[in-house]
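Peer 1: coordinates for the following, if possible.
(chains A and B)
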Number of protein chains: 2
Amino acid sequence: MKKFIDRLAAVSSKNESLVCIGLDPDPERMPVSDVFDFNRAIIDATRDLVCAYKPNLAFYESRGIQGLESLRATVDYIRKVAPDVMVVGDAKRGDIDSTNVHHARALFDFWGFDAVTVNGFAGGEALEPFLEYEDRAVFVWCRSSNPSARELQDVAVATCDGEKMPYYDWMSRVVGGWNRRGNVGLVVGATYPEELKAVRSNCPGMPILVPGVGAQTGELDSSVRFGLDADRPNMLISSSRGILYASSDKSDFASAARSATEDLRASINRVLATEGRGWC
Amino acid sequence: MKKFIDRLAAVSSKNESLVCIGLDPDPERMPVSDVFDFNRAIIDATRDLVCAYKPNLAFYESRGIQGLESLRATVDYIRKVAPDVMVVGDAKRGDIDSTNVHHARALFDFWGFDAVTVNGFAGGEALEPFLEYEDRAVFVWCRSSNPSARELQDVAVATCDGEKMPYYDWMSRVVGGWNRRGNVGLVVGATYPEELKAVRSNCPGMPILVPGVGAQTGELDSSVRFGLDADRPNMLISSSRGILYASSDKSDFASAARSATEDLRASINRVLATEGRGWC
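Peer 2: Down below sits the predicted model:
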């Protein structure tokens, strides 16, 4: 199978889209009660407009084993109706290597995700069990999009050269060194576009997953501009709540999700055009 | 329900034990093929010798939904035969707060764990959904026990006061500030006892989970000495492979696990006695 970044580029180009929809079914906000019915309606309404779907595993795990059966049905459904769309497991998994062997089996073999988000705290050698899946990818959680992100991610580190920089910036340079097989990317929230700029400059050629657009009010235009890679975009712009819950009405939530996805795609594509990076 | 640290102290005292067994069923090493049968035999052989069991979720998730059914049966079985023994979900979960709501529901409501390991990268506010469960606890992953741990955990940070210290050391001070409800602990590997000493001095009154004893050849004596809290031990010493796979023979793996657990408990208790901290 082709590498993840090539498959991502192909579907992005085909659907002229950097939009990734976070499939995070929230029982308090869903207009229909069944998770799979909800996801299927969202997928049917948007599958020609996106490059990826990103189910966040926690939203399924909170429903116990039944929730995981809904996730199984959801992933199977995407494979059936949108086989070239990437499926990114938002799992933030990560541990020492002997445990990561099992995480990688669960996420890549059992769930069959094209890529997953991981926590790289145990270092690059510990991620090897994931990286051995050369046709898949990991997105290392580097900069989050929430208010308290700065607490552990922004502390100044003093490098061996006597330079000082925020932890996330330094971390993205380290993670760049883990990309020997071309299957490592980064997660950088859209709420801090300047941070995205630093990470992109540290990590050319690596895909960046950008959550925080929509409900988390990320700054879309500058995020797109700062996140673009030199050759291909190499970027996924992810929105969850802003699309899934665009309408809380059972009768039109799917069409409202389609409209919200079209709007996001168009806003991104306007920035791409301004940058001379249109799709044709 | 009483606080986790009180329940931990009660069962540690009753079983005169700081031993936590990591229930990590590895298909390549298990002498019986069924996960629940294996765990049940280990639990039956050791439940009077431990303060906690610690299933690592990845080892179940790698077997798909069937693996999670084995975990369900395992947790239920511990509750039935050893109701006062703590069950710690080794999950290393963690994300922004709106996702952590779902992680906390999954781990505390669905699985019913007494405590879980978490990743605190998104900051203290993001952990609030876990911390609202006041009778449970989180162990924030602070220092891991693997060779590449140093890569991201040991970089020198420069604090506002102009002090310099390794990231894990600084992080443990920050995490100490999250313990307003008395339900936050830390994970610090046994392979680096000096690091454990620093963390204990930063975090008095907080429980420390110490993996890496046994297969990872942690330095047991100094780990116990350095990890002890002022009043109660407030520590769990965790071993997985060294106990579960003490024998690879179907006929005696359970009794070998019991012997290995007795040995570990005795080694720890010798250190406690030397420190004048015996059980009676």
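
Peer 1: near chain B, which residues of the stretch 151-280 of chain A are found?
Peer 2: A:151-153, A:155-159, A:164, A:167, A:170-171, A:174 (CB under 8 Å from any CB of the partner chain). In this view, the C-beta of every residue, glycine as well, is placed from N, C-alpha and C.

Peer 1: so how many other residues sit close to residue A:153?
Peer 2: 22 (other CB atoms under 10 Å in any protein chain shown).

Peer 1: what of residue A:123?
Peer 2: Residue A:123: 23 neighbours (other CB under 10 Å).

Peer 1: not counting sequence-adjacent ones, nearest residue to it?
Peer 2: Spatially, and ignoring its direct neighbours in sequence, residue A:123 is nearest to residue B:148 (2.9 Å; CB to CB, 6 or more residues apart in numbering or on different chains).

Peer 1: phi, psi for that neighbour please.
Peer 2: phi -90, psi 10 (degrees, to the nearest 10).

Peer 1: same question for stretch A:61-76, mean pLDDT?
Peer 2: Averaged over stretch A:61-76, pLDDT sits at 97.

Peer 1: cool, and stretch A:92-104?
Peer 2: 97.

Peer 1: OK, contacts around the residue nearest to residue A:123?
Peer 2: A:122, A:123, A:124, A:125, A:126 (CB atoms under 8 Å, 6 or more residues apart in numbering or on different chains).

Peer 1: let's see that with 6 Å instead.
Peer 2: A:123, A:124, A:125, A:126 (CB atoms under 6 Å, 6 or more residues apart in numbering or on different chains).

Peer 1: with distance to residue A:262, secondary structure and pLDDT added, can I get those residues in TSV?
Peer 2: Below are the contacts of residue B:148 laid out as TSV (distance: CB to CB, whole Å; DSSP: H, G, I helix; E, B strand; the rest coil; pLDDT from 0 to 100):
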residue	distance to residue A:262	secondary structure	pLDDT
A:123	42	coil	97
A:124	40	coil	97
A:125	44	helix	97
A:126	41	helix	98
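
Peer 1: which helix in chain A has the most residues?
Peer 2: helix A:253-274 (DSSP state H).

Peer 1: and that helix, what's buried?
Peer 2: By 16 or more other CB atoms under 10 Å in any protein chain shown, the buried positions in helix A:253-274 come out as A:253-254, A:256-258, A:260-261, A:264-265, A:268-269, A:271-272.

Peer 1: hey, C-alpha coordinates of it in CSV?
Peer 2: Taking Å, rounded to 0.1, in the frame of the first residue of the first chain, the C-alpha atoms of helix A:253-274 are listed here in CSV:
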residue,chain,number,x,y,z
PHE,A,253,-28.7,18.0,11.0
ALA,A,254,-27.1,16.1,8.0
SER,A,255,-27.8,18.9,5.5
ALA,A,256,-26.6,21.5,8.0
ALA,A,257,-23.4,19.4,8.5
ARG,A,258,-22.9,19.4,4.7
SER,A,259,-23.3,23.2,4.5
ALA,A,260,-20.9,23.7,7.4
THR,A,261,-18.4,21.4,5.7
GLU,A,262,-18.8,23.2,2.3
ASP,A,263,-18.3,26.5,4.1
LEU,A,264,-15.1,25.3,5.9
ARG,A,265,-13.7,23.8,2.7
ALA,A,266,-14.5,27.0,0.7
SER,A,267,-12.8,29.2,3.4
ILE,A,268,-9.7,27.0,3.3
ASN,A,269,-9.6,27.0,-0.5
ARG,A,270,-9.9,30.8,-0.6
VAL,A,271,-6.7,31.0,1.5
LEU,A,272,-5.0,28.4,-0.8
ALA,A,273,-6.0,30.4,-3.8
THR,A,274,-4.6,33.6,-2.3
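
Peer 1: and it, average pLDDT?
Peer 2: pLDDT averaged over helix A:253-274 gives 96.

Peer 1: which of the residues of the stretch 151-280 of chain A next to chain B sit farthest apart?
Peer 2: A:151 and A:159 (21.0 Å; CB to CB).

Peer 1: more neighbours, those two?
Peer 2: Using other CB under 10 Å as the criterion, residue A:151 and residue A:159 rank with residue A:151 on top: 21 against 12.

Peer 1: next SSE downstream of the helix or strand containing the more buried one?
Peer 2: When elements are assigned from DSSP states H and E, residue A:151 belongs to helix A:149-153. Next in sequence after helix A:149-153, counting helices and strands by DSSP H and E, comes strand A:156-158.

Peer 1: could you identify the helix or strand that succeeds that next one?
Peer 2: From strand A:156-158, the next helix or strand downstream (DSSP H and E) is strand A:164-166.

Peer 1: tell me which residues are up against whatever helix or strand comes next after that next one.
Peer 2: Following strand A:164-166 in sequence order, the next helix or strand is helix A:167-176 (DSSP H and E). Applying CB under 6 Å, 6+ apart, the contact partners of helix A:167-176 are A:140, A:142, A:143, A:153, A:155, A:157, A:186, A:198, A:199, A:202, A:203.

Peer 1: how far off centre is helix A:167-176?
Peer 2: 18 Å (CA atoms, centre = their mean, to the nearest Å).

Peer 1: and the following helix or strand past that helix, what does it pack against?
Peer 2: With elements assigned by DSSP H and E, the helix or strand that comes after helix A:167-176 is strand A:184-188. With contacts defined as 3 or more CB pairs under 6 Å, 6 or more residues apart in numbering or on different chains; DSSP states H and E, the packing partners of strand A:184-188 are strand A:137-143, helix A:193-202, strand A:208-210.

Peer 1: compare these and give me the one nearest residue B:21.
Peer 2: strand A:137-143 (29.8 Å).

Peer 1: now the strand or helix carrying residue A:6 against strand A:137-143, angle please.
Peer 2: Following DSSP H and E, the helix or strand that holds residue A:6 is helix A:4-15. Interaxial angle of helix A:4-15 relative to strand A:137-143 (axes from the mean of the first three to the mean of the last three CA atoms, to 10 degrees): 90 degrees.

Peer 1: may I see the buried residues of helix A:4-15?
Peer 2: A:4, A:5, A:7, A:8, A:9, A:11, A:12, A:15.
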